[in-house]
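A.B. asks: Based on what follows, work out the 3D shape:
(chains A, B, C and D)
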2 protein chains.
Amino acid sequence: MHAMNAGQRIDRFQLIPIAAKPAPSTIEALFKKQTLCQVEAGATLFYEGDSASHLFEVVQGVLRIFKIIGDGRRVITGFLYPGDLVGVSLKDRYLYSAEAVTDLRFRRFGRREFQDAVNASLELRPELFARLCDEMAAAQNQMVLLSRKNAEERVCSFLLEHLRREQRTCPNASIIELPMTRLDIADYLGLTIETVSRTFTKLMSRGLIAPEGRHALRVVRARGLARLTGGEYEDDNDFPMRSRHN
Amino acid sequence: MHAMNAGQRIDRFQLIPIAAKPAPSTIEALFKKQTLCQVEAGATLFYEGDSASHLFEVVQGVLRIFKIIGDGRRVITGFLYPGDLVGVSLKDRYLYSAEAVTDLRFRRFGRREFQDAVNASLELRPELFARLCDEMAAAQNQMVLLSRKNAEERVCSFLLEHLRREQRTCPNASIIELPMTRLDIADYLGLTIETVSRTFTKLMSRGLIAPEGRHALRVVRARGLARLTGGEYEDDNDFPMRSRHN
DNA sequence: CGCCTAATTGACAAATTTCAATGGTGGTGG
DNA sequence: CCACCACCATTGAAATTTGTCAATTAGGCG
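C.D. replies: Numbering: from 1, shown residues only, chains lettered A, B, ... in the order given. Purely as a prediction, here's the structure:
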């Protein structure tokens, strides 16, 4: 249904002299020795099914990873942000394609070298394991969203997820950047572009969010959004599921 | 919407003297030293949010893992079969609940001991890693299914997934056991029980499948099913996505 | 200034869910 | 051994949500 943004495959990355310095982490430290690469928005890092020669770490910008089925239907399985790792797997082929949503800076690591480095280090292994577990937890939450949430709940969950991210760096931020297109959002939430648009409009008219320039918006009432996510937003309340025991 | 089968929480497992001997694998070998436990269909192994004290290995029977959101909507994120591991994570709480679909035999392992054993062994680590990666790949395929497949495609994918499983032990099997209820299938596929039922009926009337007793069915035309899964069934053809490169 | 793409909005169609009724099966106890 | 009950599955009809198609608006960028 949905056509992808084109974007030709990159094989020679432009090298960049600058080094970013985000929160320290052992795997990040490992990557920091690798040369920094840069591509433009729309560029493809790799396609699903390509021989999985490298791992990538996003340094700056946003990346989308997605799968495409038969007749062109696209599913974005995630948006990746600085500090995130892409291509972690033992499979010898990538399980999904990866494209830059914005201009992107990243580092690459040869799969084998990475594997060796991780095996050699007592600190790296648990970190990698922890990242995989987080990814798994996120995937399960996404399954819940895709399986049982309605359009409004999906959009509110999405907005809150992004608000959270902003708040990790700036604890009382209320403005979220949304560099991806409506089509990207739709393909991430399992909706159409029109439904996403209508839902945004509705949330605005209810005063929960407000437009803030072209590619950002302000969350006016986070509490209100949270109430519309259809559960699973353990903002302050912890585990809702736990009642009858023996 | 969907009520769960009740099933009270088990804390003292019935111990069983018999030991099964499936395909050898290092993690399986590790578990084999643990006492075999048994519970009845419907029993709960643990709830989402419980302190994650143990890992489990299914020995015999089928287990469902699921999450529940606010108003009782349930999402089954997976069915687990003999040889599968449950509860692998670094989180200190389970991310989902686990219930026996059928009478179930399993082994438990203390999380810490398991962690230590895996860390100590050069063979166990890659195996665990590989299992996590497989789980991740499965989760992504499920996201594709939930996000963009219609009812017929979902059901066909489900049937084929189960046919594959049967065929791992019996290469030209055409009968698949479906011990779970329609509600379980619906909650796994993100549909309602009625839609699942109607879709089964339609596939039967088209002669693709045939009923085979109460809890099993025969796949008459696997090829036909495969054509209805909406892509992603690399049965003989390998990667469909790979066209324009530079 | 005007074009091109992205986003919005509306009207309609289609798929799935919801609600309701019926049918089948297995288990239990008379 | 049979009847009845509880539960699960099927089927139909109506309702609802989301998707589709089409037209319009709004930006961004040359």
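A.B. asks: Could you use CA atoms for every contact and neighbour count after this?
C.D. replies: OK.
A.B. asks: Tell me how chain A divides into domains.
C.D. replies: A:14-125, A:150-227 (automatic domain parsing).
A.B. asks: ok, the shortest one near DNA strand D or not?
C.D. replies: Put plainly, it is domain A:150-227. Yes: Domain A:150-227 lies within reach of DNA strand D by C-alpha under 7 Å from any atom of the strand, at A:150, A:151, A:152, A:190, A:191, A:192, A:194, A:195, A:213, A:214.
A.B. asks: If you rank those by neighbours, which is first?
C.D. replies: Neighbour counts for these, by other C-alpha atoms under 10 Å in any protein chain shown, peak at residue A:190, which reaches 25 neighbours.
A.B. asks: DNA strand C versus the residue lying closest to it once chain neighbours are set aside, what's the distance?
C.D. replies: Nearest residue to residue A:190, sequence neighbours excluded (C-alpha to C-alpha, 6 or more residues apart in numbering or on different chains): residue B:147, at 4.5 Å. Separation of residue B:147 from DNA strand C (C-alpha to the nearest atom of the strand, to the nearest Å): 11 Å.
A.B. asks: Check which residues of the helix or strand containing residue B:147 are buried.
C.D. replies: Element membership for residue B:147 (DSSP states H and E) is helix B:124-148. Within helix B:124-148, the residues scored as buried using 16 or more other C-alpha atoms under 10 Å in any protein chain shown are B:124-125, B:127-129, B:131-133, B:136-137, B:139-148.
A.B. asks: ok, then the element right after it?
C.D. replies: helix B:151-169.
A.B. asks: Average pLDDT for that following helix, rounded please.
C.D. replies: Averaging pLDDT along helix B:151-169 yields 97.
A.B. asks: mind listing the strands for chain A?
C.D. replies: Applying DSSP state E to chain A gives strands spanning A:14-16, A:36-39, A:44-46, A:54-60, A:63-69, A:73-80, A:85-86, A:97-100, A:104-110, A:175-177, A:209-211, A:216-219.
A.B. asks: Worst mean pLDDT among those?
C.D. replies: strand A:14-16 (a mean of 58).
A.B. asks: Who are the contact partners of residue A:139?
C.D. replies: B:136, B:139, B:140, B:143 (C-alpha atoms under 8 Å, 6 or more residues apart in numbering or on different chains).
A.B. asks: And stretch A:75-91, how far out from the chain middle?
C.D. replies: 7 Å (C-alpha atoms, centre = their mean, to the nearest Å).
A.B. asks: hmm, who's touching it?
C.D. replies: In contact with stretch A:75-91 (C-alpha under 8 Å, 6+ apart) are residues A:22, A:28, A:52, A:54-68, A:94, A:184, A:187-188, A:190, B:129-130, B:133, B:140, B:143-144, B:147-148.
A.B. asks: hmm, 7 Å instead?
C.D. replies: Residues from elsewhere that reach stretch A:75-91, judged by C-alpha atoms under 7 Å, 6 or more residues apart in numbering or on different chains: A:55-68, A:94, A:187-188, B:130, B:133, B:140, B:144, B:147.
A.B. asks: Just the buried subset of these, please.
C.D. replies: Judged by 16+ other C-alpha under 10 Å, buried ones among these: A:55-68, A:94, A:187-188, B:133, B:140, B:144, B:147.
A.B. asks: which residue is nearest the middle of chain A?
C.D. replies: By C-alpha atoms, centre = their mean, the mean C-alpha position of chain A lies nearest to residue A:79, the distance being 2.2 Å.
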